[in-house]
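1. starting from these lines, generate the structure:
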Amino acid sequence: MQPAALIRERRELGLSAAALTELMTAVLAKGKAFRFRAKGWSMSPFIKDGDVITVSPSGGRALRTGDIVAFLHPASGHVGVHRIVRASGGAFQVRGDNVYGGDGSLTRERILGTVTEVVRDGRKVRGIPGRLSPAIAFLSRTGGLVRGLGLLRRLSRRPQKGSP
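-> Alright, predicted model coming up:
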């Protein structure tokens, strides 16, 4: 099948990490929003593998603790999407909600835009962005969120009392 036919059928274009980074950077620099399918589980359960996320330019809006942002990763230079868990003196610490380690400190220039919408199975995910974002950022920063999610997973796998 021709690649163009695949694009028409699915209305998606598969890109390498480098190509995605270049395209997203260019689109956001023009002041337009960028939509793409998320890969990975580092932001689960708020953003899951396969969700369609919209990143909008931040413009002059102040970035805050709790915002979910697309950024240029300090090590790879490719796009990552994680939550700001601390903002201080023009530096931003970002971290996935479902991982133990952070991505380090970023300058404003490395942040491409903010996640303004998440669509899962054709429906908009409520609460992203939301009022609880600063509290979620605190739990993520302290490791409480990933520990709590792990506990919930373990409890959901336990056999119920009285079941065979």
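2. which residues in the chain form helices?
-> 3-10, 17-29, 133-142, 144-157 (DSSP state H).
3. ranking those by burial, who's on top?
-> Burial of those is given as mean neighbour count (mean count of other C-beta atoms under 10 Å); helix 133-142 ranks first at a mean of 18. Any C-beta I mention is one placed from the backbone N, CA and C, and that applies to glycine too.
4. average pLDDT for it?
-> Per-residue pLDDT values over helix 133-142 give a mean of 75.
5. send the alpha carbons of it over as CSV?
-> Below are the C-alpha coordinates for helix 133-142, written out as CSV (Å, rounded to 0.1, in the frame of the first residue of the first chain):
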residue,chain,number,x,y,z
SER,A,133,-3.3,20.0,38.6
PRO,A,134,-1.2,21.7,41.3
ALA,A,135,-2.1,19.0,43.9
ILE,A,136,-1.3,16.3,41.3
ALA,A,137,2.1,18.1,40.7
PHE,A,138,2.8,18.0,44.4
LEU,A,139,2.1,14.3,44.6
SER,A,140,4.1,13.6,41.5
ARG,A,141,7.1,15.6,42.8
THR,A,142,7.2,13.8,46.1
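6. what is that helix packed up against?
-> strand 79-88, strand 91-95, helix 144-157 (3 or more C-beta pairs under 8 Å, 6 or more residues apart in numbering; DSSP states H and E).
7. near the closest residue to Arg108 other than its chain neighbours, how many other residues are there?
-> Of all residues not flanking Arg108 in the chain, Gly90 sits nearest, at 6.3 Å (C-beta to C-beta, 6 or more residues apart in numbering). By the measure other C-beta atoms under 10 Å, the count of residues near Gly90 is 11.
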